[in-house]
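Enquirer: no FASTA, just this:
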């Protein structure tokens, strides 16, 4: 299993990328193909005594700035650490690709260099988010700010494949994010998508799901357009930060609370770990021909290692073939109905 | 100051409504005009030894079921406890109205019985939500699932008036909920609204605000369409429930954590109170000619008392006049530009 890793994506590149890659080689037994400036990578590894065993480097000195127009990944930045990574993946030089670069460029590279699965209209960003009973998959988390009902149906099929293959959930409960559970709730998009999803074979659709129920375990796959999904993803992050900040200041408020905090420290660590999205790796680009993982821009070594683990797991479990089968099933169903 | 209260709205009516109303009379010095079945109200008060001093009853035996078509408040249920309340408010028999009935019916009653302020195209539901530094106003929280840019501009003006008058924030920071801070982010709605808001005199517009920043105190007024706002409101509720549940089970996991929890109990109560939306009363219908407060369906006596306090405060501070002035300022500005 060989994972291609963009050594120059994210706020902490290349140091944390290299550390995470070295951990992945040691702990997961994968091979790593790094893309980026060879000299800088070697210098960073030397300076920080990072063991480069199990890692190759594909020299690509250019770095695509995060604020650049995403489509430039196809031309001006095709030779950048990220552009090169996509090309290597498309050429079969590795089994999956991990980058912490800009989301827009990753979506563009995945769709136009690696290319979409036949029949898939839009690739979606799938993010696994902790909830009260474990975790759920949110898609689209931001690749498509506007969607059509048929697109949401494809998201449901892709998300279902992902959660059953990678998380071992036999029949993942798919919910449509909406502002009420009744059939007439939402805009035309939700009303139409709800009808389509009800008729879709091969998924376990549980209907409209209100945002209140999502963190409480209302579904295993939450389907929505990328605007709504991005709001959900970021609000979840912000609220987690706010709660943790509030708890901290509450604990520091008196001698008694400080002692209480001390007694709770073990439990709090477990709690924090449970709610930490970094434990789940990165976001997956669903709908493209090879696994592409977008690591968080602020990823540290551990987050990179987990993103690499996730990439390897997607490749091992052949999530792409599972999605292909799901899309084919919808196509066959539509033909039958015609 | 006389507040009209729908005695038969919400899951805990009429008992909790009566208890909350009695508390409001005692603690806030307001008069209460209850609408609903007189006999049932008197029987409930007698059975539970609720002092009815300071309260009148307007007999309205019909109750509008929550699942009914909201527009029926105008005809079939115009004589219901809620419909009657709206009519009394429109007739000037009280200064503000509180109901925990269905949101749809409250929006319909507010817009078509009490009526919108001149120039206001859409009434919005404004909800005050705790954040890391205090609280912010979210609007629209669900009255208008789709909005136009001009509508969002009116929401900004109304929200600004509310937060400055009721929360004493001199120049409330108004943010537009979006999936990025750059000008080109979001759908056409956000792109156009962002332009309009930048040009709007009389408000302190701080630009696009990502959902991550909202609970961290990124703005005092968060403006968005009702679909997005409803997702934000309900996700906030769900995540608060999930965190509190996770903390509880963590605290019960060992003897040490149980002891820690004991030492923290005072702090935890303060923390819980700080994050409790019930402390802020209910949601306000912004854009109608008299203050209308929608209390949460699951309101208890304390929540009803706080909703009554909020209603009284809206009337005292003449929030309606403030909004009228704001809308007039936009109109004058547009004329000047023409």
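Expert: Yep, that arrived. Keep in mind that this is a model prediction, so the values were computed, not measured. Residues are numbered from 1 along each chain as shown, chains lettered A, B, ... in the order given.
Enquirer: Mean confidence (pLDDT) on stretch A:193-213, please.
Expert: Along stretch A:193-213, the predicted confidence averages to a pLDDT of 96.
Enquirer: what about it, how long is it end to end?
Expert: Across its full length, stretch A:193-213 reaches 19 Å end to end, with C-alpha to C-alpha, to the nearest Å as the criterion.
Enquirer: ok, it near chain B or not?
Expert: Yes - for stretch A:193-213 and chain B, the contact criterion (C-beta under 8 Å from any C-beta of the partner chain) is met by A:210, A:211, A:212, A:213. Where you see a C-beta, it was placed from the backbone N, CA and C, and this is true even at glycine.
Enquirer: same question, stretch A:243-261
Expert: Yes - contact check for stretch A:243-261 against chain B, using C-beta under 8 Å from any C-beta: residues in range are A:243, A:245-247, A:250-251, A:253-254, A:256-257, A:259-261.
Enquirer: One more: stretch A:164-176?
Expert: No - using C-beta under 8 Å from any C-beta, stretch A:164-176 stays clear of chain B, with a minimum separation of 12.2 Å.
Enquirer: Ok, stretch A:106-125 next?
Expert: No - under the criterion of C-beta under 8 Å from any C-beta, chain B is not reached by stretch A:106-125; the shortest gap measures 11.7 Å.
Enquirer: what comes up buried for that stretch?
Expert: When burial is assessed from 16 or more other C-beta atoms under 10 Å in any protein chain shown, stretch A:106-125 yields the following buried residues: A:106-114, A:116-117, A:120, A:122-125.
Enquirer: about what we covered before: for the residues of stretch A:243-261 next to chain B, pick the one with the most neighbours.
Expert: residue A:260 (25 neighbours; other C-beta atoms under 10 Å in any protein chain shown).
Enquirer: Could you tell me whether residue A:323 really is in a helix?
Expert: Yes - secondary structure of residue A:323 (DSSP: H, G, I helix; E, B strand; the rest coil): part of a helix.
Enquirer: Would you map the strands across chain A?
Expert: Counting by DSSP state E, chain A has strands at residues A:2-6, A:31-36, A:55-59, A:96-99, A:124-131, A:134-139, A:173-178, A:204-210, A:221-223, A:283-286, A:292-294.
Enquirer: how about the ones you listed in JSON lines, adding distance to residue A:189?
Expert: What follows is the strands of chain A, written out as JSON lines (distance: least, C-beta to C-beta, whole Å):
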{"stretch": "strand A:2-6", "distance to residue A:189": "34"}
{"stretch": "strand A:31-36", "distance to residue A:189": "38"}
{"stretch": "strand A:55-59", "distance to residue A:189": "42"}
{"stretch": "strand A:96-99", "distance to residue A:189": "30"}
{"stretch": "strand A:124-131", "distance to residue A:189": "15"}
{"stretch": "strand A:134-139", "distance to residue A:189": "15"}
{"stretch": "strand A:173-178", "distance to residue A:189": "10"}
{"stretch": "strand A:204-210", "distance to residue A:189": "12"}
{"stretch": "strand A:221-223", "distance to residue A:189": "11"}
{"stretch": "strand A:283-286", "distance to residue A:189": "19"}
{"stretch": "strand A:292-294", "distance to residue A:189": "25"}
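Enquirer: closest to residue B:231 out of these?
Expert: Among the strands of chain A, the nearest to residue B:231 by C-beta to C-beta is strand A:173-178 (6.8 Å).
Enquirer: From the chain's centroid, how far away is the closest one?
Expert: Once both centres are worked out by C-alpha atoms, centre = their mean, to the nearest Å, strand A:173-178 turns out to sit 18 Å from its chain's centre.
Enquirer: Also stretch A:135-145?
Expert: Taking C-alpha atoms, centre = their mean, one finds stretch A:135-145 lying 8 Å from the centre of the chain it belongs to.
Enquirer: for stretch A:64-71, same thing?
Expert: Relative to its parent chain, stretch A:64-71 has a centroid offset of 19 Å by C-alpha atoms, centre = their mean.
Enquirer: picking up where we left off before, please tabulate the residues of stretch A:193-213 next to chain B in TSV, including the columns distance to residue B:176.
Expert: Supplementary listing: those in TSV, determined by distance: C-beta to C-beta, whole Å:
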residue	distance to residue B:176
A:210	24
A:211	20
A:212	24
A:213	27
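Enquirer: most surrounded residue in those?
Expert: By neighbour count, taken as other C-beta under 10 Å, the most surrounded of those turns out to be residue A:211 (26 neighbours).
Enquirer: Now do the helices for the stretch 1-150 of chain A: every range, in order, please.
Expert: Counting by DSSP state H, counting those that start in this stretch, residue ranges of the helices within the stretch 1-150 of chain A are A:15-28, A:38-47, A:81-90, A:103-109, A:149-167.
Enquirer: same for the helix-or-strand element of chain A with minimal mean pLDDT, what does it pack against?
Expert: When the helices and strands of chain A are scored by mean pLDDT, DSSP states H and E, helix A:255-275 comes last with a mean of 76. When contacts are defined as 3 or more C-beta pairs under 8 Å, 6 or more residues apart in numbering or on different chains; DSSP states H and E, helix A:255-275 packs onto helix A:226-251, helix B:226-251, helix B:255-275.
Enquirer: Columns distance to residue A:197 on top of the ones you listed, output as a markdown table?
Expert: Listed next are the helices and strands packed on helix A:255-275 as a markdown table, based on distance: least, C-beta to C-beta, whole Å:
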| stretch | distance to residue A:197 |
| --- | --- |
| helix A:226-251 | 16 |
| helix B:226-251 | 18 |
| helix B:255-275 | 34 |
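Enquirer: And these, which one averages the lowest pLDDT?
Expert: Per-segment confidence across the helices and strands packed on helix A:255-275 bottoms out at helix B:255-275, which has a mean of 76 in mean pLDDT.
Enquirer: What are the buried residues along that one?
Expert: Neighbour counts using 16+ other C-beta under 10 Å place B:257, B:260, B:261, B:263, B:264, B:267, B:268, B:271, B:275 of helix B:255-275 among the buried residues.
Enquirer: Can you give me the neighbour number for residue A:188?
Expert: By other C-beta under 10 Å, 10 other residues sit near residue A:188.
Enquirer: With the one 5 residues further on instead?
Expert: Using other C-beta under 10 Å, residue A:193 is surrounded by 28 other residues.
Enquirer: Now do the closest residue to residue A:95 other than its chain neighbours against chain B, distance only.
Expert: For residue A:95, the nearest residue in space outside its immediate sequence neighbours is residue A:315; the separation is 3.9 Å by C-beta to C-beta, 6 or more residues apart in numbering or on different chains. Here the distance between residue A:315 and chain B works out to 30 Å (C-beta to the nearest C-beta, to the nearest Å).
Enquirer: Please apply the same query to residue A:32.
Expert: Taken as C-beta to the nearest C-beta, the spacing of residue A:32 relative to chain B amounts to 31 Å.
Enquirer: now that residue, which residues is it bridged with?
Expert: On the basis of DSSP bridges, residue A:32 takes part in beta bridges with residue A:3, residue A:55.
Enquirer: Now do the contacts for the closest residue to residue A:262 other than its chain neighbours.
Expert: Excluding the flanking residues, the one nearest residue A:262 by C-beta to C-beta, 6+ apart is residue B:260, at 7.2 Å. Shown in contact with residue B:260 (C-beta atoms under 8 Å, 6 or more residues apart in numbering or on different chains): A:259, A:260, A:261, A:262, A:263, A:264, A:267, B:251.
Enquirer: Can you get me a residue count around residue A:66?
Expert: By the criterion of other C-beta under 10 Å, residue A:66 has 16 neighbours.
Enquirer: Sorry, wrong one. I was asking about residue A:27.
Expert: For residue A:27, the tally of surrounding residues (other C-beta under 10 Å) stands at 11.
Enquirer: Contacts only, for it.
Expert: Counting by C-beta under 8 Å, 6+ apart, the residues that residue A:27 touches are residue A:305.
Enquirer: Give me the pLDDT for it.
Expert: At residue A:27 the predicted local distance difference test score is 97.
Enquirer: gap between it and residue A:293?
Expert: Distance check for residue A:27 against residue A:293: by C-beta to C-beta, to the nearest Å, it reads 17 Å.
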